[in-house]
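In: Based on what follows, work out the 3D shape:
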Amino acid sequence: MSRPVAWDDQRAFLAVMETGSLSAAARHLGLSQPTVRARIEGLEAVLGIALFTRSVHGLVPTATAEAMAAPARAMAHASAAMLRAASADATAAAGRVRLSVSEFVGIEVLPPMLRRLRDKHPQLAVELELSNASADLPDQQVDVAVRMHPPQQAALVARKVPSIPLGLFAHRDYLDAYGRPASRTATGGHLFIGPDRTVSDLAFAALIGDPAHIRWIALTDSHPAQLALARAGLGIAVAQVPAAARYPELERVLPDVELPQLPAWIVTHENLRRLPRVAALFDHLVEAFEAYGGGVQVGG
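Out: Now for the predicted structure:
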């Protein structure tokens, strides 16, 4: 290479890889399309290779570009981690800390927890990553994560918190119209809100009733959407008991039916555990999820 590769050019490359087009990458980066094109062309000139070919479906990465994607993402994560580390005094619970949680936890569970965190640590800013896929803590994609499966990677610090009970819930108006089933065998004729493709969620059907006779009225793999549909009176849905209990319009259905509980861990990297900003969030989440999974009602 005749000159060093500029980080801005690498960011443009990664944005195009992740969005599939110059225009989408430009929107993502807050730049003009010609600027992104110039950065890609500049990077290709420095490397002496083509990174993308054009097709009717957009830009198609070459084999070399595919191989470059993972290191580019690692650099982006390291850059973001560096900025978080520089965001405040390293001796105080202040600055930015990045947290990864599932979609349901981020929407239905976490907000009141973060309000109490704000009251304790007003100088702490939480960056939220909502995804049902596990963020990579060793690669510093995030600082702290709430996981529903035990962490397997080395160098992680994990605290097991109480498992979260699951139950069946429906709007009282729905139950007034369709009746309140007294047993699993009495669920015939009822409408259920359930998963679309998620295999682990589909297994709940056998616990609710005869899968061959369950009438699904709405199918989605989004757990917040399932709860919202139940709150709208569409049918019966599986939900986290402490989250659903916050909605007075919902009633628990078949409370004697035992559904598997949802295990939970609060996780961080061992190199980050003692940083005040990370420790503040980690310790607060342990306390909050101990109350949440343990059935303790804590005000917002």
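In: how about the helices in the stretch 101-250 of the chain?
Out: Taking DSSP state H, counting those that start in this stretch, the helices of the stretch 101-250 of the chain run over residues 103-104, 110-120, 172-178, 199-202, 204-208, 223-231, 241-244.
In: With mean neighbour count as extra columns, can I get these in JSON lines?
Out: Bear in mind the C-beta positions are built from the backbone N, C-alpha and C, glycine included. Shown next, in JSON lines, are the helices of the stretch 101-250 of the chain (neighbours: other CB atoms under 10 Å):
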{"stretch": "helix 103-104", "mean neighbour count": "18"}
{"stretch": "helix 110-120", "mean neighbour count": "15"}
{"stretch": "helix 172-178", "mean neighbour count": "14"}
{"stretch": "helix 199-202", "mean neighbour count": "11"}
{"stretch": "helix 204-208", "mean neighbour count": "17"}
{"stretch": "helix 223-231", "mean neighbour count": "21"}
{"stretch": "helix 241-244", "mean neighbour count": "21"}
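In: how close does the closest residue to residue 180 other than its chain neighbours get to residue 282?
Out: For residue 180, ignoring the flanking residues on the chain, the nearest one in space by CB to CB, 6 or more residues apart in numbering is residue 253 at 7.0 Å. Distance, residue 253 to residue 282, by CB to CB, to the nearest Å: 36 Å.
In: Show me which of the two is the more surrounded one.
Out: The neighbour count for residue 253 versus residue 282, taken as other CB atoms under 10 Å, is higher for residue 282 (24 against 20).
In: So which residues of the stretch 201-300 of the chain form strands?
Out: Taking DSSP state E, counting those that start in this stretch, the strands of the stretch 201-300 of the chain run over residues 215-219, 236-240, 250-253, 262-269.
In: again with the stretch 1-150 of the chain
Out: Counting by DSSP E, counting those that start in this stretch, the stretch 1-150 of the chain has strands at residues 52-55, 58-61, 95-101, 124-130, 144-147.
In: For the fourth one, which helices and strands make contact with it?
Out: Packing partners of strand 124-130 (3 or more CB pairs under 8 Å, 6 or more residues apart in numbering; DSSP states H and E): strand 95-101, helix 110-120, helix 276-293.
In: looking only at pLDDT, what's the mean for the first one?
Out: Read that as strand 95-101. Mean per-residue pLDDT for strand 95-101: 91.
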